[in-house]
Every structure is written in C-alpha cells, then in structure tokens.
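> model this:
(one chain, ligands or ions: 1)
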Amino acid sequence: MSAEELVSLGAQAAAQALASGQIAAHELYEIYRSRAAADDLNCFTWVAEQTPAPPAASPLGGVPLAVKDLFCTEGVPSQSGSRILEGYLPPYTATAVERLLGAGACLLAKTNQDEFAMGSSNENSAFGPVLNPWDRSRVPGGSSGGSAAAVAAGLTPWALGTDTGGSIRQPAALCGIVGFKPTYGAVSRYGMIAFASSLDQAGPLTRDVTDAALMLRHLIGYDECDATSLDFPGEIALPTAERLDGVRLGVPEELTGEGIEAGVLAAFHATLALAEQLGATVEPISLPHAAHALSAYYVIAPAECSSNLARFDGVRYGMRTEAAGDLTEMYTRTRHDGFGAEVKRRIMLGTYALSSGYYDAYYGRAQCVRTKIVEDFRNVFADVDFVVTPTAPSVAFPLGSKTADPLAMYLNDFCTVPMSLAGIPAISIPCGLALPPEDRNVTEAASGGGLPVGFQIAGPAFSENRILETAFALEQAIGFDGGTVRA
Ligand code: GLN
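Down below sits the predicted model:
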C-alpha cells in the first residue's frame with residue numbers, strides 16, 4: 001500500500017489491515033511518525049522519536065494513537081498545555097491511555113491543548129495556538145484542539161481528548177470530525193491532570209463514528225483508582241444501523257435559536273430532514289433551565305479548578321521560580337510565572353465563589369441550577385430518545401477574534417455545557433459545511449464550500465450504543481467524507 005492509502009485508512013480499517021497482515025505495524029507507525037514530526041499546524045507537544053516494538057497480537061494491533069497532553073504518560077512530558085508543568089515526567093500512565101495501549105494502540109504523540117483544558121480555541125496553550133487545517137487563519141476549537149486538528153489533517157488515525165464543557169465535541173465540530181463525550185464515570189479519570197473533577201471526561205476524536213465506537217469499546221470500564229468510576233452495563237458494539245425508524249429526536253428551542261449562525265442552523269435543519277427520511281420523528285422540546293447552564297458552569301468549573309490547581313506550587317511538580325525571599329514568595333512567583341492569564345482568571349473566580357460568605361450565594365446556587373438541568377433532561381427523555389442541537393453556535397472563527405472577550409469565548413459552549421452538567425453522553429458528527437458570516441477570505445472554491453458544522457446527539461446516561469447507532473445511520477446518509485485528509 002502507498003503512503004496515501006495507508007493514511008486514508010481510519011483506525012478500524014487500519015486495525016483490520018494489520019490483523020490480516022496486509023500492512024505492517026512499523027510501516028504504518030513510521031508513516032504517521034514522519035507526518036506528525038513534520039506537522040506545521042502546531043498540533044503536538046511531543047512526538048515519539050522511535051518506532052516502538054511491534055505489539056503482540058491484540059485488537060488494535062499497533063494502530064498509532066495521539067493523546068491530549070493532560071493525560072499522564074509515564075516518562076513522557078505531560079504538561080496539560082501549561083508552563084507550570086515544564087519538565088514534569090509522570091511516574092505512571094493514565095488509565096484511559098493504559099487501556100488503549102493494552103489493547104495494542106501505539107503512542108505516537110501528545111497533542112496541544114488549552115492550558116489545563118480551559119478554553120474553546122486552543123489559544124490559551126503555553127505551546128502556542130493550533131491552526132485549523134480547513135483554514136489556517138482560524139482556530140481548531142478547544143480545548144482538545146491539537147487532537148481534533150491532528151485527526152482532521154491525517155497526522156494520526158485518531159486521538160484521545162477530554163471534555164469538561166464541550167472540549168471534545170466543539171473542536172470535533174470545528175474540524176469536521178467525530179467527537180464523543182461518554183457518560184460521566186464511564187471512562188476513568190485516573191491520571192488525567194484535573195480541571196473540574198465533577199465534569200471532566202475522556203473520550204475519542206475520530207474520523208468517523210465506527211472509530212469512535214472502537215475506541216470507546218476499549219476505553220470504558222470500572223477503575224478502582226477513580227472514586228467516581230462506574231461499571232458500564234454491557235459492551236460497546238460497532239454500529240451498523242441504516243434506518244432510524246421509531247427514533248424520536250427532540251429539538252430544544254432554547255439551544256437552536258438566537259445566537260446560532262444562520263449557516264450552522266441551515267446545516268442542522270438539513271440534517272433533521274435527513275433523519276426524518278430515515279424514519280425518525282423530530283419534535284420540539286423544552287429544556288427550561290438550559291439558558292442558565294453557562295452561568296452555572298462558569299461558577300462550578302472555576303470553583304473546582306481553583307481547588308485542583310492549588311497543588312501546583314513549585315514544590316511537587318514541574319517548574320519552580322527561584323525567589324530571593326521566603327516560601328510564600330516562591331509559591332507566588334512560581335504561580336505568577338507558570339500560569340497563563342485564563343487560568344489565573346478562573347482560579348480567582350473560583351476562589352471567590354468558594355470563599356466563606358459567598359459559597360452559598362454562588363457555588364451552592366450554581367449546584368441548584370445544575371440539579372434543575374439534570375431534571376430537565378430526565379423530563380424530556382420520558383418523551384424522546386435523544387436531544388439534538390448544533391454542536392457549536394458558529395463555524396471555526398479567526399484566530400485572535402475572541403481572545404480579548406472572555407464572555408464571547410465562553411458562548412462557544414452554549415450547546416454543549418448542559419449535557420456536561422447533567423453527566424450524560426453526547427456525540428458530535430460532521431453534518432455539512434457552512435460559510436462563515438464575517439470572513440471573505442474563505443471562498444467556496446478554497447474551502448470546498450465552507451467550514452464544517454457539527455450535529456450533536458445527546459442521550460440518557462449509558463445510552464452510548466444507541467447514540468452510536470443513530471450517529472452512524474446519519475453519518476452514512478450525510479455522506480461527509482471523514483477520511484478526507486486536510487493538510
Ligand atoms: N470551553 C470550556 C471551558 O473553557 C470547556 C472546556 C473543556 O471542556 N475542557 O471551560
């Protein structure tokens with residue numbers, strides 16, 4: 001097989017070709033390694049220098065894997081996109097990574113991300129921004145922006161990411177690939193450098209739905225090292241559905257109106273029409289508290305991050321700023337030099353929200369809203385199988401266009417945060433292209449008709465298999481070529 005043919009194989013196809021002896025693991029790995037090493041989108045924080053020994057017979061049989069920087073990986077730099085973890089080499093490997101390596105995947109690279117996974121554009125990384133392979137003047141989304149761009153550009157067959165408020169789904173949408181955030185607890189968080197522990201969840205970024213199912217199959221499972229780990233009922237199957245007869249899709253009015261770009265809405269509605277042709281019914285529903293999800297999230301996530309990030313003090317991990325004065329000065333200077341602006345903003349917000357006298361007014365209140373959102377979903381899932389929305393309110397936006405306005409940046413998570421607060425699974429699949437409203441550089445010819453739009457499908461806890469079937473049937477009908485390598 002030629003190099004192009006090898007790179008055009010998705011993970012599942014590559015695993016099959018490896019198993020049948022059609023291709024050799026070291027050959028596949030070396031092609032990706034040289035592509036990753038030559039990457040000019042800034043997708044990676046580390047690329048392997050050597051081809052590892054070929055794995056023994058195993059389900060993934062040597063398929064290369066890129067992993068978001070925040071997964072601790074033994075002996076491999078793991079900085080969560082932050083300066084403060086410069087030089088940190090974890091003594092152990094995160095369970096999620098361990099499971100994929102155990103199934104035969106080969107670690108190819110660590111991917112760039114927003115610092116401590118805080119961001120929606122990958123512009124908050126200490127390693128610099130990642131460029132979107134569809135248009136290099138635009139962001140890939142965040143915080144798993146390196147993972148998404150690398151998959152879209154064919155620099156890895158697939159990648160592992162994390163999602164706290166949308167960080168798998170939104171970059172997948174902006175890069176035209178598939179991203180799946182599983183049920184909270186289905187995948188172990190052990191060894192993930194924490195952002196907001198009650199929300200963080202690992203999951204796949206892949207070229208298609210089949211690959212997402214394949215990765216998820218190997219990711220899920222109970223882990224005694226994670227106190228919130230759950231035993232997933234059953235196994236993840238590779239999807240085969242062609243029809244959607246009897247499937248009820250609920251469209252929440254609160255997440256599909258104002259604030260969403262016209263081109264994104266058009267692609268979303270075209271996909272709903274396709275779903276109906278496949279036999280699904282589409283019904284309007286209401287998630288009455290969804291409009292408050294962002295406000296609750298931006299209290300809860302910063303509160304948890306201010307607590308989680310207290311451990312980075314110059315003593316235990318990573319860098320230390322030498323200070324002339326006492327211990328307190330060393331802490332202060334290390335944190336001053338080591339954390340970027342967005343992380344500092346969140347630590348301050350979170351510390352304030354948790355401070356005595358304000359705790360009930362902010363954190364307690366936000367938790368009440370979270371409960372209301374959980375109830376909203378419980379109510380609608382009595383009537384419909386899935387809640388569907390556009391994944392992100394816009395297509396990929398120009399680099400630098402939102403960095404000065406944190407609130408505009410936070411609005412990117414408008415459609416993804418409610419599911420995160422409820423802990424329910426949700427996938428984003430590419431559903432077409434739309435031209436950005438504001439940019440005239442992207443001509444239809446240059447962009448192939450526009451930039452990718454994501455379609456989000458969310459279901460109740462543990463509905464992963466049903467979500468995958470629905471996403472697969474839609475993917476086949478949409479015909480978006482996930483195998484297309486953009487670079
Ligand atoms: N963009 C959101 C934030 O900045 C979500 C990030 C994430 O899911 N890790 O918090």
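> which stretches of the stretch 301-450 of the chain form strands?
For the stretch 301-450 of the chain, the strands defined by DSSP state E, counting those that start in this stretch occupy 386-390, 426-434.
> Take those strands and write them to TSV, including mean neighbour count.
(Glycine included, C-beta is placed from N, CA and C.) Formatted as TSV, those follow (neighbours: other CB atoms under 10 Å):
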stretch	mean neighbour count
strand 386-390	27
strand 426-434	27
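> Let's have these in JSON lines, adding mean pLDDT and distance to the ligand.
Converted to JSON lines, the strands of the stretch 301-450 of the chain look like this (pLDDT from 0 to 100; distance: least, CB to the nearest ligand atom, whole Å):
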{"stretch": "strand 386-390", "mean pLDDT": "98", "distance to the ligand": "16"}
{"stretch": "strand 426-434", "mean pLDDT": "97", "distance to the ligand": "12"}
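> Around the ligand, pick out the residues from the stretch 101-250 of the chain.
Residues of the stretch 101-250 of the chain lying near the ligand by CB under 6 Å from any ligand atom: 117-120, 143, 163-167, 195.
> Which among the strands of the stretch 301-450 of the chain is found nearest to residue 332?
Nearest to residue 332 among the strands of the stretch 301-450 of the chain is strand 426-434 (39.8 Å), distances taken as CB to CB.
> In CSV, please show the C-alpha coordinates belonging to the closest one.
The C-alpha trace of strand 426-434 is given here as CSV (Å, rounded to 0.1, in the frame of the first residue of the first chain):
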residue,chain,number,x,y,z
ALA,A,426,-23.2,13.3,23.6
ILE,A,427,-21.6,12.9,20.3
SER,A,428,-20.8,15.5,17.6
ILE,A,429,-20.7,14.3,14.0
PRO,A,430,-20.0,16.5,10.9
CYS,A,431,-23.2,17.3,9.2
GLY,A,432,-22.1,19.6,6.4
LEU,A,433,-20.4,22.9,5.6
ALA,A,434,-21.3,26.5,6.1
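> Which strands or helices does it pack on?
When contacts are defined as 3 or more CB pairs under 8 Å, 6 or more residues apart in numbering; DSSP states H and E, strand 426-434 sits against helix 169-175, strand 178-181, helix 209-219, helix 262-277, strand 451-458, helix 464-478.
> ok so, going back, out of the strands of the stretch 301-450 of the chain, which gets nearest to residue 96?
Comparing those by CB to CB, strand 426-434 comes nearest, at 17.5 Å.
> The closest one pairs with which strands, and in what direction?
If you go by DSSP bridges, strand 426-434 pairs up with strand 178-181 (antiparallel), strand 451-458 (antiparallel).
> Single out the most deeply packed of those.
strand 178-181 (a mean of 33; mean count of other CB atoms under 10 Å).
> With just CA atoms, put that strand into PDB.
The C-alpha trace of strand 178-181 is given here as PDB (Å, rounded to 0.1, in the frame of the first residue of the first chain):
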ATOM      1  CA  VAL A 178     -16.400  12.900  15.200                       C
ATOM      2  CA  GLY A 179     -16.000  13.600  18.900                       C
ATOM      3  CA  PHE A 180     -17.800  11.600  21.700                       C
ATOM      4  CA  LYS A 181     -18.100  12.600  25.400                       C
END
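> List of residues touching that strand?
Residues from elsewhere that reach strand 178-181 (CB atoms under 8 Å, 6 or more residues apart in numbering): 144, 148, 161, 163, 168-173, 201, 203-209, 211-212, 216, 416, 419-420, 425-430, 454, 464, 467-468, 471, 475, 482.
> What is the neighbour count of the residue in the stretch 351-487 of the chain that the ligand sits nearest to?
Taking CB to the nearest ligand atom, the ligand has its nearest neighbour within the stretch 351-487 of the chain at residue 413, 4.8 Å off. Neighbour count for residue 413, taken as other CB atoms under 10 Å: 24.
> does any bit of stretch 391-408 sit next to the ligand?
No: legend: contact between stretch 391-408 and the ligand by CB under 6 Å from any ligand atom is lacking; minimum distance shown is 9.2 Å.
> what's the distance between that stretch and the middle of its chain?
Stretch 391-408 has its C-alpha centroid displaced from the chain centroid by 17 Å (CA atoms, centre = their mean, to the nearest Å).
> Quick one: end-to-end distance for that stretch.
16 Å (CA to CA, to the nearest Å).
> Now do the helices for the stretch 351-487 of the chain: every range, in order, please.
359, 365-380, 406-410, 417-422, 444-447, 464-478 (DSSP state H, counting those that start in this stretch).
> what distance separates the start and the end of stretch 65-72?
15 Å.
> cool, stretch 376-394 as well?
First-to-last residue span, stretch 376-394, CA to CA: 25 Å.
> Repeat that for stretch 234-243.
23 Å.
> Let me see the mean pLDDT of that stretch.
Mean per-residue pLDDT for stretch 234-243: 97.
> Same question for stretch 365-384.
Per-residue scores along stretch 365-384 average to 98.
> Find the centremost residue of the protein, please.
Nearest to the mean C-alpha position of the chain, counting by CA atoms, centre = their mean, stands residue 168 at 1.3 Å.
> one step back: turn the strands paired with strand 426-434 into JSON lines, columns for distance to residue 50 and mean pLDDT.
Converted to JSON lines, these look like this (distance: least, CB to CB, whole Å; pLDDT from 0 to 100):
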{"stretch": "strand 178-181", "distance to residue 50": "30", "mean pLDDT": "98"}
{"stretch": "strand 451-458", "distance to residue 50": "34", "mean pLDDT": "98"}
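> before we move on, back to that, I'd like to know which of the helices of the stretch 351-487 of the chain is closest to residue 54.
Between the helices of the stretch 351-487 of the chain, helix 464-478 lies closest to residue 54; by CB to CB that is 29.8 Å.
> Check which helices and strands that closest one sits against.
strand 178-181, helix 209-219, helix 262-277, strand 386-390, strand 426-434, strand 451-458.
> Using TSV, lay out those together with distance to residue 299.
Formatted as TSV, the helices and strands packed on helix 464-478 follow (distance: least, CB to CB, whole Å):
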stretch	distance to residue 299
strand 178-181	21
helix 209-219	29
helix 262-277	27
strand 386-390	23
strand 426-434	22
strand 451-458	22
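> re the thing from before, pick the most buried one from the helices and strands packed on strand 426-434.
helix 169-175 (a mean of 35).
> Which strands and helices lie in contact with that helix?
Using 3+ CB pairs under 8 Å, 6+ apart: helix 169-175 touches helix 145-152, strand 178-181, strand 426-434, strand 451-458.
> Reformat the ones you listed into TSV and put distance to residue 73 next to each item.
As requested, these are exported to TSV (distance: least, CB to CB, whole Å):
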stretch	distance to residue 73
helix 145-152	14
strand 178-181	21
strand 426-434	26
strand 451-458	28
